[in-house]
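here is a sequence with its predicted model. Questions after.
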Amino acid sequence: MHLVCPACEAINRVPVERLGENPKCGKCGAPVLNDHPLDLTQRNFDRFVGKNELPVVVDFWASWCGPCKMMAPVFAQVSAQMKQQARFAKVNTEQEQPLAQRYSVRSIPTLILFRDGAEADRVAGAMDAASLRGWLSQRR
């Protein structure tokens, strides 16, 4: 399975059976599966979303958004719990407006699930941890 290192963006080949062993990047030595969401920008978005063979869940959010602030710890919690099933990332729509426009994000928070670089599903609005895990489990 190919996974993008969150630290140096190198593509690592990790056997599926070793995902639970906290694999390290072959280039920089950082953990490949981070237990917190990665901040994405226009610079690293396409590589991270397109080159990971695990699904990538991206939270489009803004600092002024109350529901986004409420959901941030839930998203981080689920990210740590499901790091072997999916990659988790965040896009600040205030700082990365072209990305929000590219994916027609009209309300926030919006979660988009990507598979092989393509949008597979999306949901708008804040969710609790059980709802987020349930939404992801239904889309495997």
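On my side now, so go ahead.

phi, psi of the residue minimising distance to the centre of the chain?
Residue closest to the average C-alpha location in the chain (C-alpha atoms, centre = their mean): Phe88, at 2.3 Å. Reported as degrees, to the nearest 10, the phi and psi values for Phe88 are phi -120, psi 140.

tell me the pLDDT of it.
With respect to pLDDT, Phe88 scores 98.

and what of Gln138?
Reading off the model, Gln138 has pLDDT 89.

for it, grab the count of nearby residues.
8 (other C-beta atoms under 10 Å). For the C-beta atoms, the positions are set from N, CA and C on the backbone; glycine is no exception.

do the same with Pro67
Neighbour number of Pro67 under other C-beta under 10 Å is 15.

could you pull out the helices in this protein for me?
Per DSSP state H, the chain carries helices over the ranges 45-51, 66-81, 97-102, 129-138.

rebuild those as CSV, extending it with distance to Val14.
CSV is the format used below for these (distance: least, C-beta to C-beta, whole Å):
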stretch, distance to Val14
helix 45-51, 13
helix 66-81, 18
helix 97-102, 27
helix 129-138, 20
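
what's the closest of the ones you listed to Glu17?
helix 66-81 (19.7 Å; C-beta to C-beta).

list the contacts of the residue nearest to the centre of the chain.
The contact partners of Phe88, taken as C-beta atoms under 8 Å, 6 or more residues apart in numbering, are 36-38, 56-57, 59, 75, 78-79, 82.

which of those residues are buried?
Neighbour-count burial (16 or more other C-beta atoms under 10 Å) applied to the contacts of Phe88 gives 37-38, 56-57, 59, 75, 78-79, 82.

for those residues, which one is nearest Ser107?
Using C-beta to C-beta, Asp59 comes nearest to Ser107 of the buried ones among the contacts of Phe88, at 12.7 Å.

spit out the contact partners of the closest residue to that closest one other than its chain neighbours.
Spatial nearest neighbour of Asp59, chain neighbours left out: Lys90 (4.7 Å); criterion: C-beta to C-beta, 6 or more residues apart in numbering. Residues counted as contacts of Lys90 (C-beta under 8 Å, 6+ apart) are 37-40, 58-61, 75.

restricted to strands, list those residues.
Within the contacts of Lys90, residues falling in strands by DSSP state E are 38-39, 58-61.
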